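# From the sequence below, what's the structure:
(2 chains)
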Amino acid sequence: MPSKPAGTLYRGREGMWSWVAHRITGVGIFFFLLVHVLDTALVRVSPHAYNEVIGTYKNPIVGLLEVGLVAAILFHAFNGIRLILIDFWAKGPRYQRQLMIGVGVVWVVLFVPFVIRHLTHVFGG
Amino acid sequence: MSEIAAPRSSSRARNLKGGGRNRSGQTNFELYSWLFMRLSGLALVILVLGHLFVNLMLGGGITALDFGFVAGKWANPLWQVWDLLMLWLAMLHGSNGLRTIINDYAEKDQTRFWLKALLITAALVVVVLGTLVIFTFDPCLDPNSTLSVCK
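Below is the predicted model:
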């Protein structure tokens, strides 16, 4: 079996998968952003048009999609900070495994309270 | 030692103008782009997480979102500036990210050109529209509005 090329954090294992996930979440967030600016622009059309469309954000299926959106945003945000630390902090590359765990911990700590609160709003009548 | 290729970047892509390391006679565009992603990313963590916290966690969360909620927020210049910064930085950050992805995966010159043309058009429309909406917002658009500012 050929040995893994030395000197890269970005091939194979969790470094590569976080890179893939960063791209996928980034693209997803970008397309949501396009839609979100367009739906917000309806405040210039009429209060009724805006309320009608924003009403769809409150239905249970879209409510669950919002959980996915926030999950993606939180990952992209804190994985991005990990990338900054690896690029700019001299000890970043050495602690990259710990930084990855840190991303997971912060993600859980922020995501869990959000899910509880948001689903209470969406399903709580 | 064998060459370590950037993931999915073809050797052709690396030979394109501006696609490689700074060489004499070329600009530092890719360096500034790389730096911009990190700086805007840091600002966006605060802007976007603040936006999500105020709109989805506080008060009634998603159930409280309506025209009146937007009117209440944009009555405060802080939220106008917040949303404007978020709009511009997020669109530039996202568009630049998509530009990188197009460069990585679209191998034909024609495909790259049209995808980027589409991307720039979409980004311009959204940034201009969003900016106009923030600055021309009228809470009393509806003459029969029951919002307190309109009485």
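
# could you pull out the helices for the chain?
By default, I'm working from chain A. Listed in chain order, the helices of chain A (DSSP state H) span A:13-41, A:47-56, A:60-88, A:96-123.

# ah, no, chain B please
With DSSP H as the criterion, chain B has helices spanning B:11-15, B:29-52, B:67-74, B:77-105, B:109-136.

# Quick one: mean pLDDT for the third one?
Right, the one you point to is helix B:67-74. When pLDDT is averaged over helix B:67-74, the result is 94.

# got a list of contacts for that helix?
Residues from elsewhere that reach helix B:67-74, judged by C-beta atoms under 8 Å, 6 or more residues apart in numbering or on different chains: A:40, A:43, A:47, A:50-51, B:79-80, B:83, B:134, B:137, B:139, B:147, B:149. Where C-beta positions appear, they are placed from N, C-alpha and C, glycine not excepted.

# hmm, back to that, the helices of chain A: which one's closest to residue B:105?
Across these, residue B:105 has its closest neighbour in helix A:13-41 (9.9 Å, C-beta to C-beta).

# Dump the helices of chain B to TSV, plus mean neighbour count and distance to residue A:76.
TSV is the format used below for these (neighbours: other C-beta atoms under 10 Å in any protein chain shown; distance: least, C-beta to C-beta, whole Å):
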stretch	mean neighbour count	distance to residue A:76
helix B:11-15	11	24
helix B:29-52	15	9
helix B:67-74	19	24
helix B:77-105	17	10
helix B:109-136	14	18
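
# mind checking which of those helices is nearest residue A:83?
Judging the helices of chain B by C-beta to C-beta, what sits closest to residue A:83 is helix B:29-52, at 7.6 Å.

# Just the C-alpha atoms of that closest one, please, in CSV.
C-alpha atoms of helix B:29-52 as CSV (Å, rounded to 0.1, in the frame of the first residue of the first chain):
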residue,chain,number,x,y,z
PHE,B,29,-6.0,38.9,-6.0
GLU,B,30,-6.1,35.3,-4.7
LEU,B,31,-4.1,36.3,-1.6
TYR,B,32,-6.6,39.0,-0.8
SER,B,33,-9.5,36.7,-1.5
TRP,B,34,-8.0,34.1,0.9
LEU,B,35,-7.5,36.8,3.6
PHE,B,36,-11.0,38.2,2.9
MET,B,37,-12.6,34.8,3.5
ARG,B,38,-11.0,34.6,7.0
LEU,B,39,-11.8,38.2,8.0
SER,B,40,-15.3,38.3,6.7
GLY,B,41,-15.9,34.8,8.1
LEU,B,42,-14.9,36.0,11.6
ALA,B,43,-17.3,39.0,11.3
LEU,B,44,-20.1,36.8,10.0
VAL,B,45,-19.9,34.4,12.9
ILE,B,46,-20.9,37.3,15.2
LEU,B,47,-23.4,38.9,12.7
VAL,B,48,-25.2,35.6,11.7
LEU,B,49,-25.2,34.0,15.2
GLY,B,50,-26.5,37.3,16.6
HIS,B,51,-29.2,37.4,13.9
LEU,B,52,-30.3,33.8,14.6
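
# what's next to that helix, contact-wise?
Here helix B:29-52 makes contact (C-beta under 8 Å, 6+ apart) with A:70, A:73, A:77-78, A:80-81, A:83-84, A:87-88, A:110, A:114, B:18-19, B:22, B:82-83, B:85-86, B:89-90, B:92-93, B:96-97.

# now the contacts of helix B:67-74 as TSV including pLDDT?
As requested, the contacts of helix B:67-74 are arranged in TSV below (pLDDT from 0 to 100):
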residue	pLDDT
A:40	95
A:43	94
A:47	93
A:50	95
A:51	95
B:79	96
B:80	96
B:83	96
B:134	95
B:137	91
B:139	89
B:147	82
B:149	80
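
# Nearest to residue B:62 among the residues you listed?
residue A:51 (13.0 Å).

# residues touching the closest one, list them.
B:66-67.

# Just flag the most distant two among the contacts of helix B:67-74.
Counting by C-beta to C-beta, the most remote pair of these is A:51 and B:80, 20.8 Å apart.

# Residue A:98: neighbour count?
A count of neighbours around residue A:98, defined by other C-beta atoms under 10 Å in any protein chain shown, yields 10.

# Does residue B:98 touch residue A:27 like I think?
Yes - when contacts are counted by C-beta atoms under 8 Å, residue B:98 is listed as touching residue A:27 (6.9 Å).

# how far away is the closest residue to residue B:82 other than its chain neighbours from chain A?
Excluding the flanking residues, the one nearest residue B:82 by C-beta to C-beta, 6 or more residues apart in numbering or on different chains is residue B:47, at 6.5 Å. Residue B:47 sits 10 Å away from chain A, taking C-beta to the nearest C-beta, to the nearest Å as the criterion.

# Brilliant, that's me finished.
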